[in-house]
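> take this sequence and fold it.
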Amino acid sequence: MSDATGLSTPVALVTGADSGIGRAVAVKLARQGMDVGITYHRDRQGGEDTAAEVRGAGRRAAVARLDLTELPGAAEVVDALADELGRLDVLVNCAGTGTSTRFLDLDHATVQRVIDVDLIGPFLCSQRAARRMIAQGDGGRIVNITSVHEHQPRVGAAPYCAAKGGLGLLTQVMALELAEYGITVNAVAPGEIATPMTGQEDTDVGSVDRPGIPLGRPGDAREVASVVAFLAGPESSYTTGASWAVDGGMLRMGPQAGSHLRSDAWRRP
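Coordinates of the predicted model:
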């Protein structure tokens with residue numbers, strides 16, 4: 001991985017960076033001194049807005065559309081953005097989708113879409129990124145954004161849970177196989193985060209009551225980005241194959257309970 005000597009500016013690629021966690025990660029990495037490749041799916045303006053924030057931090061930005069249902073060709077965006085920015089040191093697989101449909105009511109097309117976006121897409125993007133990093137010869141970082149549902153189930157989210165669970169184990173296999181090249185691979189598993197995906201864009205998380213989450217509120221996307229930034233930086237050089245929960249303690253409760261409890265009665269024995 002390129003260092004901080006000024007000889008080479010590190011380059012990160014963040015998928016799904018047009019809003020929410022992806023945008024927060026892209027901006028955080030820019031402020032950490034990286035040029036950033038940004039992908040969006042439908043919201044081109046969102047991608048351009050993220051790029052403006054990256055440039056406002058004094059770093060270069062490049063923007064490209066990515067639709068992870070168009071596989072395997074969609075993964076070519078990794079090489080395109082790496083070529084435009086000159087190299088690739090960090091990949092953050094943040095693009096994702098989900099469902100709220102009971103298992104018995106799911107159709108094949110819906111299941112395939114979620115699996116492609118949340119598992120197969122990151123698999124193929126990571127392959128391309130790792131090959132670039134190996135060719136460069138100085139290591140790299142891959143961070144997969146999973147979910148607390150990498151670890152625990154949720155009713156109505158069968159394909160999402162299957163994909164995130166798979167991505168969690170894929171992270172571990174990649175960590176083992178890529179370690180010899182100096183590439184670390186970790187997962188970050190957010191809980192309820194105030195983003196457009198959860199219908200809480202621009203929400204003041206301190207004003208939202210979540211009795212079933214030990215810290216009592218949703219998370220802010222920037223709180224996730226801070227963990228990603230650590231894993232993407234030089235200080236995490238001996239950290240690989242781990243899943244980092246950023247969930248306010250939700251996993252200790254079980255995500256189903258954490259999001260469905262309506263009082264603090266559980267806090268008292």
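> which non-adjacent residue is nearest residue 256?
Nearest non-adjacent residue to residue 256, counting by Cβ to Cβ, 6 or more residues apart in numbering: residue 154, 5.9 Å away. C-beta coordinates here come from the backbone N, C-alpha and C atoms, glycine included.
> okay, now that neighbour: neighbour count?
19 (other Cβ atoms under 10 Å).
> so it, which of the three states?
At residue 154 the chain is in coil, as set by DSSP: H, G, I helix; E, B strand; the rest coil.
> endpoint to endpoint, stretch 100-119 covers what distance?
18 Å (Cα to Cα, to the nearest Å).
> residues in contact with it?
Residues from elsewhere that reach stretch 100-119, judged by Cβ atoms under 8 Å, 6 or more residues apart in numbering: 68-69, 71, 95-99, 155-160, 162-164, 166-167, 170.
> could you identify the longest helix within the chain?
Counting residues, the longest helix in the chain under DSSP state H turns out to be helix 158-178.
> buried residues in it?
Using 16 or more other Cβ atoms under 10 Å as the test for burial, helix 158-178 gives 158-168, 170-172, 174-175, 178.
> could you do stretch 70-82 as well?
74, 75, 77, 78, 80, 81, 82.
> so what's the gap between it and the chain middle?
Offset of stretch 70-82 from its chain centre (Cα atoms, centre = their mean, to the nearest Å): 17 Å.
> can you list the buried residues in stretch 139-153?
Buried residues in stretch 139-153 (16+ other Cβ under 10 Å): 139-152.
> can you tell me which of these end up in strands?
Using DSSP state E, the subset of those located in strands is 140, 141, 142, 143, 144, 145.
> you'd agree residue 214 is up against residue 253?
Yes - the criterion here is Cβ atoms under 8 Å, and residue 214 meets it with residue 253 at 6.8 Å.
> who has more neighbours, these two?
Under the neighbour definition other Cβ under 10 Å, residue 214 and residue 253 were set side by side, and residue 253 has more, 21 against 16.
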